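Peer 1: Okay, structure incoming, though there's no sequence with it:
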């Protein structure tokens, strides 16, 4: 006799995780492991930011505080430089705000998966929503499973976000307070691109998704001259439009 | 304006941006058009970050075989496609990059 699909249970730990059915603890572990390569990749940036922020004349405490108050690498870099040049406050604020515009895309993208959570979860997870945490988290949320539902996946999100947060605080602190030299020649920053490739490529399920990626990638390269990372946001929108266009033509 | 006020303002705006749709979407139903569009955010955003990392060196486009990151990235993409394993992709990609950089330093590459 055939067991109806809804009555069957996930058979493997991986399927458990993908279905959100795994325990909070498994999700936490999975989130940590997924985020670790990306977190390690941000260490050089943290060190560089710390040393650079200090070099602009910013007080050490302010430079370090930005890592938790703002918690966004590129915005921190630019703000520190602008503040060091005595740029008017309003210009610094608007510039930083625009650089972080892409986080609105991430917010829209994860929002459906967080709807059922109590407010405090939403606030905490929103605070932790960096590029790196977003990438592994959205991949995890979108993992296909015979069993739908987000289940305990917010624990994965929390864990990934915290992993990056801790690493960021530590590496910027070392940069700020020890002015440590940047590790030379290891190209650890390349781990970001590689991990993103590892997340992107297997998840290109159809031509529409591939079109979105290809068009967005090309546009991002062409638009790289645009200031305050507008190129990234613009490229993303064009890519989304391309994906929807291919989809509509099916 | 004191530096601290500026930092707090930037922090507030950043947090609000990240929180925006997470709060907004709980209050309203998302139309199917929006749902369809959101499906393409991950591939578009990831690609928008990846491509420049591979193709641009110091802001200039370099599609030549001498671009170690491009080659290592393409190899990583193949590994990702075949194995669907992020760690393997990362490992092979970094190994390839280091190898190409070492060869290049000795004048053996391209």
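Peer 2: It's in. Just so it is clear, the model here is predicted, and its values are computed rather than measured.
Peer 1: most centrally placed residue in the chain?
Peer 2: Using chain A. Closest residue to the average C-alpha location of chain A: residue A:131 at 2.0 Å, with Cα atoms, centre = their mean.
Peer 1: sorry, should have said chain B
Peer 2: Centre-nearest of chain B using Cα atoms, centre = their mean is residue B:49, 3.3 Å out.
Peer 1: just checking, that one touches residue A:197?
Peer 2: No. Counting by Cβ atoms under 8 Å, residue B:49 stays clear of residue A:197, with 10.1 Å between them. Using the backbone N, CA and C atoms, a C-beta is placed for each residue, glycine as well.
Peer 1: Where do the helices of chain B begin and end?
Peer 2: Remark: helices assigned in chain B by DSSP state H are B:3-27, B:32-39, B:41-55, B:68-83, B:86-105.
Peer 1: any idea how far residue B:71 lies from chain A?
Peer 2: According to Cβ to the nearest Cβ, to the nearest Å, residue B:71 and chain A sit 12 Å apart.
Peer 1: need the contact list for the residue nearest to the centre of chain B.
Peer 2: A:131, A:192-193, A:196, A:220, A:232 (Cβ atoms under 8 Å, 6 or more residues apart in numbering or on different chains).
Peer 1: now those residues as TSV including distance to residue B:34, secondary structure and pLDDT?
Peer 2: Formatted as TSV, the contacts of residue B:49 follow (distance: Cβ to Cβ, whole Å; DSSP: H, G, I helix; E, B strand; the rest coil; pLDDT from 0 to 100):
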residue	distance to residue B:34	secondary structure	pLDDT
A:131	22	helix	94
A:192	29	helix	86
A:193	29	helix	90
A:196	24	helix	92
A:220	23	helix	94
A:232	21	helix	89
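Peer 1: which of these are close to chain B?
Peer 2: A:131, A:192-193, A:196, A:220, A:232 (Cβ under 8 Å from any Cβ of the partner chain).
Peer 1: Counting neighbours, which of the residues you listed end up buried?
Peer 2: A:131, A:192-193, A:196, A:220, A:232 (16 or more other Cβ atoms under 10 Å in any protein chain shown).
Peer 1: which among those residues gets closest to residue A:239?
Peer 2: Distance to residue A:239, by Cβ to Cβ, is smallest for residue A:220 among those, at 8.4 Å.
Peer 1: right, and the closest one touches residue A:235 too?
Peer 2: Yes. If you go by Cβ under 8 Å, residue A:220 and residue A:235 touch, sitting 3.8 Å apart.
Peer 1: Fine, thanks again, bye for now.
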